[in-house]
Structures are given as C-alpha cells and as structure tokens.
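> with the sequence up front, the predicted model follows.
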Amino acid sequence: LQSDWDEKKIVHIHLDIETASPTAGPCQLSAIVVDPFTSRTLGEFYEYINPGDDAIWSDECTAVHKLHSNHPKIMKARPLVEVWAAFKAEVEQHLHGGARLGMLVAWNGKGCDIEWFFKITEVLHVGTCLPLEHTPYFWDPKHTISHYKTCPLNLKSAKMREQYGVGHPGYGLQHLWCKI
C-alpha cells in the first residue's frame, strides 16, 4: 500500500449500498471515484436496484432510506446483475487497466457495505457479478477515526458528546463532510 500511495497510484472509490432487507439485498448502489491526491472527482455512479417482486422488505431498512417495493424509482429500476455491470464499468474505466489501483472507501463499511460487496460477488452472484478489477485495498474512515480520541469526528470525543449527547449512535454524512 505504501509504495502504491507514494507513487500516487491509488484512486478512492467511495461506496454506499442501501439494502431492502438482509435477505432481499441491495436496492441502491452509489459510488464516487476520487483522486485523493488532487481531490478531483473522476466519476460518479448512482442507481436504484429492483430486488424483485418476491423481495421481502425490512421496515427497519425502509425507515433509514425511505425506499420500498412500490417506490417509483424502485419500480423503474433494473435488477442487480444489470446495475452491477454498469457500476463495474464506470469504476474500472478510472483505473486504466491497472495503471491506477482502487481503494474501496466505506464509512463503517466492514460491517455493512463491504459485507454486501462480498455477498454480491462471492456468494449470491458468483460468476455473474464479478469483483472490481485492480481494486486491492479497502479503508473504513470510521475505524481509523476511532483510534484518535481527540479527533472531532470521533463519536467518543468531547466535542461530539457536547454536540450530540452521550450515547449518540452516529451522525449523518452532512456532519462528517462539514468537518472535513
């Protein structure tokens, strides 16, 4: 990683996956591809996914993202296999056949987005939804921030407790990006 970083080969792929339920799978896939050395956005991908008519949606998931089986954007959406192919093509074009290397970036991703990324490519759609080529790295900023107790983005920091109260479970991205 260090030599790839020093040679400025790394491209950040900020990933967000919204799910219909733990069994129904993704209902939205978003990514922003960024050159971390210039902060320039190289590409964006944002598409809804129709998990199928037989998908059982979770009330808990719907409460988070407000999507449901009868949502107009879900009803018009393509199935995962088609959306995944478009996502893969969009991201990989910015890696120039391996001249640049992708780093998936997902807030709390190890427990959610990256888990789904693995399920899609290695369990549910093996051979159909292939993993991203030339993307050997993963970074969870929340995990990194948790090691810096005085960082204003750390939920355990005094500033966060003052602003949001003790025991606050998290904060939206609007709070994260205004701090950066």
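Ah, there it is.

> list the helices and strands the longest helix along the chain packs on?
Across the chain, the helix with the greatest residue count (assigned by DSSP state H) is helix 80-92. The elements that helix 80-92 packs onto, with contact taken as 3 or more C-beta pairs under 8 Å, 6 or more residues apart in numbering; DSSP states H and E, are strand 25-35, strand 40-48. For every residue, glycine as well, the C-beta is placed using N, CA and C.

> at 10 Å instead, please
In this structure, helix 80-92 packs against strand 10-21, strand 25-35, strand 40-48, strand 101-105, with contacts taken as 3 or more C-beta pairs under 10 Å, 6 or more residues apart in numbering; DSSP states H and E.

> what is the mean pLDDT for the following helix or strand past the third one?
In the C-terminal direction, the helix or strand that comes right after strand 40-48 (DSSP states H and E) is helix 59-65. When the per-residue pLDDT values of helix 59-65 are averaged, the result is 87.

> in the very next helix or strand once past helix 59-65, which residues are buried?
Downstream of helix 59-65, the next assigned helix or strand under DSSP H and E is helix 72-75. For helix 72-75, the neighbour count (16 or more other C-beta atoms under 10 Å) marks residue 74 as buried.

> I'd like to know which elements helix 72-75 is packed against.
Short answer (3+ C-beta pairs under 10 Å, 6+ apart): helix 72-75 packs on strand 25-35, strand 40-48.

> if we can go back for a sec, the longest helix of the chain - what's its average pLDDT?
Regarding helix 80-92, the rounded mean pLDDT is 97.

> same question for stretch 117-124.
Per-residue pLDDT values across stretch 117-124 average out to 89.

> which parts of that stretch are buried?
Across stretch 117-124, burial judged by 16+ other C-beta under 10 Å covers 117, 119-121.
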